[in-house]
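S.K.: this one's sequence-less:
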């Protein structure tokens, strides 16, 4: 699956390195060396993904991302921020600006390609619904100004598959800020019973369950017709990164590392809820 990627960085060696890695996987690459140039090229080339450096002179990556997400023409294009910043506050700020994920420098090749493939797949799904929505737009039943960032994030139904009670309590308290309803299942079988009874907006799966393989359960969720389109966030440890990359390959949407930072968790959940509700809006308009 090929795609067009816009790489934005004011340091030429960084651009060349990412360009070489992406060309090696047969992606088409467009480059920009400033925020202003990036905003021009994203409209001109309509890429499938943006890899955006945070620390740039003039207009930084946070501002560029915010402007991308404010423009209804390009707001659906996924943005991954690439940064040397490791502070959780910076990640949260980026996610609140509309970024879909963060990659830390030096960029891990496995994480990079897994994230690129995952977000490109997602973008192509949205593109299909946007194309189908064109008819509704011509009939005047679509709000042209509605985009991902305008979708509500509160009152979501979240299923958490985790057998550590203190972790579930932290998630429940955190998501309570948005009045989300959190349902806990400590095994895959219990989770399937809940899934058969109701529909969820998001599923959080621990990769560190005591008696079963959380990654295999993610695969099952993707093959289950009822949960095929439900966003999945994986919860894992630093040493789980190869499994997390595999999880992104099989269709999980995002991940968060332990110890869980409450603000980052809330920002990542909001990103997935917005995206799901945007896709539901596109589907409803088409129908």
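M.R.: Nice, thanks for sending it over. Because the structure is a prediction, the values reported are computed rather than measured.
S.K.: Please count neighbours and contacts with C-alpha atoms only from this point.
M.R.: Fine.
S.K.: remind me which residues of the stretch 151-287 of the chain are low pLDDT?
M.R.: Scanning the stretch 151-287 of the chain for pLDDT under 70 picks out nothing.
S.K.: go again using 90 as the cut-off
M.R.: Counting by pLDDT under 90, the stretch 151-287 of the chain has low-confidence residues at 151, 211, 229, 238, 241, 249, 264, 267, 275, 278-287.
S.K.: which helices and strands does the longest helix belonging to the chain pack with?
M.R.: Assignment by DSSP state H gives helix 109-138 as the longest helix of the chain. Where contact means 3 or more Cα pairs under 8 Å, 6 or more residues apart in numbering; DSSP states H and E, helix 109-138 is packed against strand 49-53, helix 241-250, helix 262-286.
S.K.: Strands along the stretch 51-200 of the chain, start to end?
M.R.: Using DSSP state E, counting those that start in this stretch, the strands assigned to the stretch 51-200 of the chain run over residues 79-83, 101-104, 157-161, 181-185.
S.K.: Columns distance to residue 15 and mean neighbour count on top of those, output as JSON lines?
M.R.: What follows is the strands of the stretch 51-200 of the chain, written out as JSON lines (distance: least, Cα to Cα, whole Å; neighbours: other Cα atoms under 10 Å):
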{"stretch": "strand 79-83", "distance to residue 15": "11", "mean neighbour count": "23"}
{"stretch": "strand 101-104", "distance to residue 15": "14", "mean neighbour count": "20"}
{"stretch": "strand 157-161", "distance to residue 15": "39", "mean neighbour count": "22"}
{"stretch": "strand 181-185", "distance to residue 15": "42", "mean neighbour count": "18"}
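S.K.: how about the ones you listed, which one is nearest residue 213?
M.R.: Closest of the strands of the stretch 51-200 of the chain to residue 213 is strand 157-161, at 11.4 Å (criterion: Cα to Cα).
S.K.: Give the pairing partners of that closest one; include direction for each.
M.R.: Using DSSP bridges, the strands paired with strand 157-161 are strand 181-185 (parallel), strand 202-206 (parallel).
S.K.: As TSV, the ones you listed with distance to residue 24 would be great.
M.R.: Converted to TSV, the strands paired with strand 157-161 look like this (distance: least, Cα to Cα, whole Å):
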stretch	distance to residue 24
strand 181-185	42
strand 202-206	32
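S.K.: which one of the helices and strands packed on helix 109-138 is the most hemmed in?
M.R.: Greatest average neighbour count among these goes to strand 49-53 (a mean of 26), per mean count of other Cα atoms under 10 Å.
S.K.: Which strands border that one, and is each parallel or antiparallel?
M.R.: Paired strands of strand 49-53, with direction, are strand 4-8 (parallel), strand 79-83 (parallel) (DSSP bridges).
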